[in-house]
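Engineer: With the sequence up front, the predicted model follows.
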Amino acid sequence: MDAAAGTDPATGIAPSDFSRVLAQRERRFAAALLAPAFAALLVTTTFPLIFLVWTSTFRMDLAMPFTNGFVGFENYRILLTDQRFWSSLVTSLVYTGSTVALQVAIGLALALLVMDMKRGQGWFRLIAILPVVLSPAVVGMIWRTFMLAPDFGIVDFLAINAGLGSKNWLGDPLLALISVIVIHTWQWTPFAFMVLLASLASLPEDIYEAARLDRASAWQRFRRITLPLLRPAIVMVVIMRTMVALTAFAAIFTVTSGGPGTATEILNLYAYRKSFTELSIGYGAALAVALLVVTILISAILFALRRAK
Amino acid sequence: MSAKRIRIIALVTVSSLFLLAWAFPIFWSVLNSFKTDKDVLAYPPKLIFSPTLDAYRDVLFGSSSILPNLMSSIVISVGTTIITMVLAVPAAYALARLRFPGKKFAGFYVLATQMLPPVGIIIPYFLVLRNIGWIDTYQGIILIYLSFSLPFAIWLLVSYFEDIPFEMEEAAYLDGASRWRTLWRIIIPQVQGGISVTVVFVFLNAWNEFLFAVVLSGNTVRPVTVAMFNFISVEQTLWAKLAAVSVLAMLPVVVLGVIAQKHIVKGLTVGAVKGGGRR
């Protein structure tokens, strides 16, 4: 059979060429569809990142512009011996570790409780939406005022009635840190709850039947069946919430602005305050780069854990 | 009483306490917004009081009206949503459906952009926008909002595009429809639901944003999340008005959240299955 037989009479192109032309057209079409979005992503994320790293090698003090200039790695050298940097990093880790652990523990416990309920599940699903759709700035504002204000703030009112006495919830360093941890946990536990409830609902029923026939106790069922099956969902929640907690800003900023002193100043807030309150932008950029490095390191660890089993 | 009965009562009590804990701060703010300052500050806190709309009247039509700020929030959120969708829908379709070299990398890049801490974006942004005079402008804020709305929208839409059967497109091509026409006439109508959900979440995230807004806003463009601070200062706090403003800031997102109730888990976890995740 000669080559001409397989050729499309209309175009004079052989089938193999035809599919190549099609593939080429598909590539061009894809490029046209992707170009605008990727151009926007380059401009809004990648270029700023490059410029951020570049800025971090400068002394750029908006309050004292005459001292500005290229300093190489000087900002990073300062950073390594900066007490406030290390303490903000510790605060970040405490804040992230405790809020994520609380969210997952409470969210999971509540999901298990609600899963067993025959009625009223709808209420939980509805109420759980409220905190997570709110702006963290508004949440912070509500807690700072109507919940934590001395005397008439509801938390303080409850503390007084419980015999603990009125506390300076946002003025005492330890209480302030606990307060911002509680606020974050309040807002985002419903997220863990909703995700875990959804994955609980999708677990196969028959495994539990079999376990019940084998007379496995409730604890054994949880430990040997539910937990392993939920593991991917739990790990996903941990990863997502960790990334968010590391860069939490609005709820802390509105409630304590990082204070009293630096008691609630997580690294993210330190980078902000250095840049926009103290107007030392070069060093602030170095802190932001440090935060990026910490974020990448922690997510690398979490992803390694996810793959581990 | 049987052990089972006790267990049920304990269960109901504990879970009701949590329901109360989540609902109460919001409920209490709503209640306070209908009080006078005197009633807000009353000790012990008042559940029964004579409600008034004074706080709302003052914050909406008084001397320090937040109507311009609500307008700012609306312009920013709507603007961000429109531009995000125009850019994200075609990109998501390509990522979900088309074959091209570097596809895996392109998907990874969209996820990786989310790793960047917002504070790391705002520092260089602030310097550039200050140079070109875009601080306190809508274009400045909307541009930077794309940094988080675009990756989110692309990934959420990809998950919806992946659900459409391939036969739809093949049938259209066999009928001789062009690729553009197929995308516009056949595919887009199929993912209308997914597009609406994405619109809701992009709007919601833009409405709630705070860090970029607090740095880039000024007297002309100041969304309501930032303008709230007008009502709280070292000298005095305007309690009832602050409550009213909080309620006005919460209202749109609560309504949208309840409307999109069934999709909220997907909207909150999108992308996480494949990699990153955010806010």
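Structural biologist: All right, it came through fine.
Engineer: What does the pLDDT read for B:Lys274?
Structural biologist: In this model, B:Lys274 is scored at 45, pLDDT.
Engineer: how far away is A:Leu134 from B:Ser15?
Structural biologist: Look at A:Leu134 and B:Ser15: by Cβ to Cβ, to the nearest Å, they are 22 Å apart. The way it works is simple: take the backbone N, C-alpha and C, and place the C-beta from them, glycine included.
Engineer: These two - which one has more neighbours?
Structural biologist: Neighbours per residue, other Cβ atoms under 10 Å in any protein chain shown: of A:Leu134 and B:Ser15, the larger number sits with A:Leu134, 24 against 19.
Engineer: which SS class is the spatially closest residue to that one that is not a sequence neighbour?
Structural biologist: With sequence-adjacent residues excluded and distances taken as Cβ to Cβ, 6 or more residues apart in numbering or on different chains, A:Leu134 is closest to B:Met250, at 5.8 Å. Classification of B:Met250 by DSSP: H, G, I helix; E, B strand; the rest coil places it in helix.
Engineer: ok, now A:Ser275?
Structural biologist: helix.
Engineer: rewinding a little: surely the residue nearest to A:Leu134 and A:Ala137 touch.
Structural biologist: No - with contact taken as Cβ atoms under 8 Å, B:Met250 and A:Ala137 are classed as non-touching, separated by 10.9 Å.
Engineer: Can you pick out the residue with more neighbours from these two?
Structural biologist: Counted by other Cβ under 10 Å, B:Met250 and A:Ala137 do not tie: A:Ala137 has more neighbours, with 28 against 22.
Engineer: check contacts around the more buried one.
Structural biologist: When contacts are counted by Cβ atoms under 8 Å, 6 or more residues apart in numbering or on different chains, A:Ala137 is found next to A:250-251, A:253-254, B:208, B:210, B:225-226, B:228.
Engineer: and residue 106, what element?
Structural biologist: Just so you know, I chose chain A. For A:Ile106, the host element (DSSP states H and E) is helix A:83-115.
Engineer: if you could check chain B rather than the one you did, that'd help
Structural biologist: B:Ala106 is part of helix B:103-112, with elements assigned from DSSP H and E.
Engineer: any idea of the mean pLDDT for that helix?
Structural biologist: When pLDDT is averaged over helix B:103-112, the result is 92.
Engineer: Low-confidence bits of the stretch 201-309 of chain A, can you list those?
Structural biologist: Per-residue confidence of the stretch 201-309 of chain A (counting by pLDDT under 70) places the weak regions at A:309.
Engineer: Quickly check: the helix or strand hosting B:Ile195 near chain A or not.
Structural biologist: Under DSSP H and E, the secondary-structure element containing B:Ile195 is helix B:192-208. Yes - applying Cβ under 8 Å from any Cβ of the partner chain, one finds helix B:192-208 touching chain A at B:204, B:207-208.
Engineer: I'd like to know which elements that helix is packed against.
Structural biologist: Contact here means 3 or more Cβ pairs under 8 Å, 6 or more residues apart in numbering or on different chains; DSSP states H and E; on that basis helix B:192-208 packs against helix A:136-142, helix B:67-97, helix B:138-161, helix B:239-259, helix B:264-269.
Engineer: Chain A: which of the residues of helix B:192-208 next to chain A is nearest?
Structural biologist: The shortest distance between chain A and any of the residues of helix B:192-208 next to chain A, using Cβ to the nearest Cβ, involves B:Asn208 and amounts to 3.6 Å.
Engineer: Can you get me a residue count around the spatially closest residue to the closest one that is not a sequence neighbour?
Structural biologist: Leaving out its chain neighbours, the residue that sits closest to B:Asn208 by Cβ to Cβ, 6+ apart is A:Ser135, at 3.6 Å. Burial measure for A:Ser135: 28 neighbouring residues, criterion other Cβ under 10 Å.
Engineer: cool, and A:Phe73?
Structural biologist: Applying the criterion other Cβ under 10 Å, we find 11 residues in the vicinity of A:Phe73.
Engineer: ditto for the one 10 residues further on
Structural biologist: Counted with other Cβ under 10 Å, the burial measure for A:Gln83 works out to 8 neighbours.
Engineer: With distance to A:Gly120 and mean pLDDT added, can I get the helices and strands packed on helix B:192-208 in TSV?
Structural biologist: Formatted as TSV, those follow (distance: least, Cβ to Cβ, whole Å; pLDDT from 0 to 100):
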stretch	distance to A:Gly120	mean pLDDT
helix A:136-142	25	96
helix B:67-97	34	96
helix B:138-161	30	95
helix B:239-259	17	94
helix B:264-269	19	79
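Engineer: Tell me where the stretch 51-200 of chain A has helices.
Structural biologist: Secondary structure of the stretch 51-200 of chain A (DSSP state H, counting those that start in this stretch): helices located at A:74-80, A:83-115, A:121-133, A:136-142, A:154-161, A:173-201.
Engineer: can you give me the angle the fifth one makes with helix A:173-201?
Structural biologist: Angular relation of helix A:154-161 and helix A:173-201 on a 0 to 180 degree scale: 110 degrees, by axes from the mean of the first three to the mean of the last three Cα atoms, to 10 degrees.
Engineer: I'd like to know if helix A:154-161 reaches chain B anywhere along the stretch.
Structural biologist: Yes - using Cβ under 8 Å from any Cβ, helix A:154-161 reaches chain B at A:154, A:157.
Engineer: Can you list the buried residues in that helix?
Structural biologist: Within helix A:154-161, the residues that qualify as buried by neighbour count (16 or more other Cβ atoms under 10 Å in any protein chain shown) are A:154-157, A:160.
Engineer: so who does residue 267 touch?
Structural biologist: Looking at chain A here, since you left the chain open. Neighbouring residues of A:Leu267 by Cβ under 8 Å, 6+ apart: A:85, A:88-89, A:91-92, A:246, A:287, A:290-291, A:294.
Engineer: Correction: the question concerned chain B.
Structural biologist: Contact partners of B:Gly267, counting by Cβ under 8 Å, 6+ apart, are B:156, B:197, B:200-201, B:260.
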